[in-house]
Structures are given as C-alpha cells and as structure tokens.
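Trainee: Sharing a model prediction with you, sequence too.
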Amino acid sequence: MIIRFGMLSILLIMLAGTAAAITASDKVALLQGTEADYTEGGYLDTDFDTNMMAEWWYLNGDTKLVADDGEERNLGFFVVLTHQEAPMIVAPDGTQLSYMLTFYGLYYDNDTAFFNKKDTYIPRVLLNDYVAIHTPYVDYTFPDGMKSYNGSHSQGYELNYTCEEMQMDLFFQTDADRTVDQADGPLRFVAYEHAYGNLTGSIVLDGKKYTVVQGEGYMDHMLSMTTTELTWPMEMHGWSWSEVTTDNYQTVFYGVRDIKGDYYDEYSYKHLILMDRYTGKVISEYFDDEIKIDENNWINEDQYNRMRPRSTRLSTSDLTVTMDADNVAVFNYITPIENGGFVDFMSFQKESASIQYNDTIEEGNAFWEYLVSDMGSLAQPEAVPTAVPLITAGVLGLFTILLLKRKQ
C-alpha cells in the first residue's frame, strides 16, 4: 500500500539540499566549559529498545517587558521543540523519516491565552543536522531555520524563535540542581529538569520590540516512549505537571494517571520537589503515598469530551501547594488512529498560587498542565466521538504510516 504525501516529497528534496549543519566551531563553542552531562543532548528510539520515542525540550517564562517608548507588558509563555522516532515512520519509498514538531503558548496580561504549533518530516539521515544526538549539550533547529534552542547547564541556553505571533531572542541561565523524574509505567518516561533560572533578551509582539527587564524561567528535557502501543499517550490516562514559584521557594510536581482503575483519580506515579529558589538546591522530595492530591471545581470540557480540575492542592506532612487554572491554552492532538491522541490543558497563573512550608506561606505564579489521553477520555459518560483528522504532514502522515504498518 502506497501513501502519497504530495508536497511532502518536494519538502524532503529541499531539506536534503538546505540542511543547516552545525559547524565544527559551533560544536567547540558549545562544549567549552561543559561537564560530560549527556542528559542534555538528543536520543534515538534505538537507545531505549522501544518502538517509538518522543523527545522534547521545554522552556517556560514569566516576563516583564519594556519597549523603548516606555510601554510595559507582562507575558507568560512556554516553547517546546520536539522530535519523534520510530522504525515505522517511513516514506512510501522506504526512506526512514523523523517527525519534527514545535508548539508554544502565550499568556497575555489581559488574561487571554494563545496556542499554535508547526510540524513536518525530515529524512532520518538528516536528523543530526537539526538535532545534536548523544552530546553534552542541546542543539535543536527546526527545519524552517527560524526556531532554535541550544546550550548547556554550565553555559546557559539560547532560544531564538520566530513565528507569526512573536519573535523571541532569549538567554536562560540556571544554577539550579538538575532534578529527575523517571518511571517504567504506566508511561515509560524520564525528565531532566532545571527548575529555576533567569531570562534575559528581547521579545517582539505585534511588530514592537520589548526588552525583558525581569524574567524567570524553567526548563526540562523529557523523553516518553512505548513498546506495546501505537502511540505513547495510549499507555496512560494522562499526566499532571506543575511548577510554582514564590519569593523563596519553588516546587515541581509530576503525576501520571494509570489507564486502569479510577482514571481521573488513579495516580500511579507522584513526585513533588521543594527547592530553594535562590540557591537552586533541593530542600525536600516527596513520593507516591507521601503526597495527597486534591483536584476540585471540575470543568467539563464538552468539546473535547474530557474534564479538568480548575483548582489543585498538593499536600504532604510539611508542605502544601495550591494553584488555579483559569487562563488555559489547549493542545488538541488529533490522530486518525482510534484513541491515539490527547488533549493537553496548559495554564499560567500570574499570581496567588501558594507554597506553605512548615509555618511559612508565600504566594507567586504557577505553570500547570493537565493532559488527558484519548484512551483516558473513555472514562467519560459518553464515548469519544470519531475525529476528522487534520490534513497536515505531521499529524496525518505520522499516524497514517503507523496504522498502515500495523495492518500489513
């Protein structure tokens, strides 16, 4: 059976001739002063004995912006750059492909949010021209040449990101300890986090350039994979992630819900980290039954046949974290594969999130994410409606390939 990609075939030819290879001098600059920390660079599906691997680098920020004319704006944002690898991702002529995806959310100071994404394929043999593999630094360039993220913990990270809505030229520097989340099930994943750092640089909004006069950031590098399903979201009901920052503290939480059991309440993986914001040192860590999760004020997102909590409270014997999700950007990841996608609700709370540690209560901001897979949405009273796939190279092409390969 032959899958015809139309413009994709032309795109592959263009990419083969215009790949922006990393020069030797660039590599030397990235390596200077770095430790041999190979959790920074990219990986392949073959590194983990899995039939599908998704890898992404995530950066968020809470920024105060000032233009040359004195105009001030506040902007919260996240930017994600990813690639996905699997033996089943092939072109009709048998060429092995890599799937490239980037997406972002913007949270404006009028309490509105905006989300967008872009995706494409490249031949697998060209992947090293866009993603540095097995290196002690990250160097990712999206194939359009307008979005890149590179650097290391010791040197800092540069984000250069141009799209229709904005242009970012940012530098992220962090002294925070690297923390790790990792599980073998229900979703097999690992995440390397640098929980706090400073953002500097500039952002162009509506054609106007602003300087970042105050900026806080968080970054992580995550890999998720599956050896049993067509897509990794099918392994779980979903996940919850949050990062809360106050004057003196920061917390990071990862929780994964099992596809079996009570669905929305079935957290089979829980990890909460409390850090000193200024030193970047871990104060305490909590796992599984040490953490109580209270999710309240549930909102029925009927258009997605899912629910999400508006309010979340995480508590341990000496720590309580609260946050609300009002300003939400939504990533609706549609696939032709039955129950193969997800909906990710991503929120930024500018103020009034709180951390209570022992007898001290502080308020600050929060980034929050609540993902429900298509499999997880089956816990809803009504069945998941059949989705009409979007005609895009990244979504339709990837999962059509996988589906047809499985049927052969």
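Mentor: Perfect, thanks for sending it. Keep in mind that what you see is a predicted model, and the values were worked out from it rather than measured.
Trainee: Specify the beta-bridge partners of the residue lying closest to Leu44 once chain neighbours are set aside.
Mentor: The shortest distance from Leu44 to any residue other than its chain neighbours is 5.5 Å, reached at Glu85 (Cβ to Cβ, 6 or more residues apart in numbering). Backbone N, C-alpha and C define where each C-beta goes, glycine included. Taking DSSP bridges as the rule, Glu85 bridges to Met53.
Trainee: same check, this time on Met166
Mentor: Leu205.
Trainee: That one touches Tyr108, doesn't it?
Mentor: No - with contact taken as Cβ atoms under 8 Å, Met166 and Tyr108 are classed as non-touching, separated by 10.7 Å.
Trainee: ok, these two, which is more surrounded?
Mentor: When neighbours are counted by other Cβ atoms under 10 Å, Met166 and Tyr108 differ, and Met166 comes out ahead with 19 against 16.
Trainee: so where do the strands sit in the stretch 51-200 of the chain?
Mentor: Counting by DSSP state E, counting those that start in this stretch, the stretch 51-200 of the chain forms strands over residues 52-67, 72-85, 97-108, 113-123, 138-141, 147-152, 156-162, 166-173, 178-183, 188-205, given from the N-terminal end onward.
Trainee: which of the residues in the third one are buried?
Mentor: The one in question is strand 97-108. Taking 16 or more other Cβ atoms under 10 Å as the neighbour-count basis, strand 97-108 is seen to contain the buried residues 97-108.
Trainee: before we move on, back to that, need the contact list for the residue nearest to Leu44.
Mentor: Residues near Glu85 by Cβ atoms under 8 Å, 6 or more residues apart in numbering: 44-45, 52-53, 55, 98-99, 124, 127.
Trainee: just Val80 next, same as before
Mentor: Contacts were defined as Cβ under 8 Å, 6+ apart; by that measure Val80 touches 56-59, 102-104.
Trainee: Nearest to Leu205 among those residues?
Mentor: Of all these, Leu205 sits closest to Tyr104, with 12.9 Å by Cβ to Cβ.
Trainee: pLDDT weak spots in this protein?
Mentor: Per-residue confidence of the chain (counting by pLDDT under 70) places the weak regions at 1-35, 261-262, 336, 379-408.
Trainee: Would you confirm that Pro143 contacts Tyr99?
Mentor: No - in terms of Cβ under 8 Å, Pro143 does not count as a neighbour of Tyr99; the distance is 11.1 Å.
Trainee: Does Pro233 fall in a helix, a strand, or a coil region?
Mentor: Reduced to three states with DSSP: H, G, I helix; E, B strand; the rest coil, the structure at Pro233 is helix.
Trainee: count of residues packed around it?
Mentor: Around Pro233 there are 29 other residues, counting by other Cβ under 10 Å.
Trainee: so what's it up against?
Mentor: By Cβ under 8 Å, 6+ apart, Pro233 lies in contact with 333, 340-342, 371, 373-375.
Trainee: Repeat the analysis, applying 6 Å as the threshold.
Mentor: By Cβ atoms under 6 Å, 6 or more residues apart in numbering, Pro233 lies in contact with 342, 373.
Trainee: again, but for Trp241
Mentor: Here Trp241 is in contact with 254, 369 (Cβ under 6 Å, 6+ apart).
Trainee: Let me know the secondary structure of it.
Mentor: Trp241 - assigned by three-state DSSP - is strand.
Trainee: how much space between Asp47 and Met53?
Mentor: Between Asp47 and Met53 the computed distance is 8 Å (Cβ to Cβ, to the nearest Å).
Trainee: More neighbours: the two, which one.
Mentor: Here Asp47 and Met53 are set side by side on neighbour count (other Cβ under 10 Å), and the busier one is Met53, at 22 against 14.
Trainee: Next, the buried residues of stretch 327-343.
Mentor: In terms of neighbour count (16+ other Cβ under 10 Å), stretch 327-343 has its buried residues at 327-337, 339-343.
Trainee: Go through the residues you listed and name the one nearest Trp239.
Mentor: When the buried residues of stretch 327-343 are compared for distance to Trp239 (Cβ to Cβ), Phe342 wins out at 9.4 Å.
Trainee: correct me, but that closest one touches Phe331?
Mentor: No - under the criterion of Cβ atoms under 6 Å, Phe342 lies out of contact with Phe331, with a separation of 7.9 Å.
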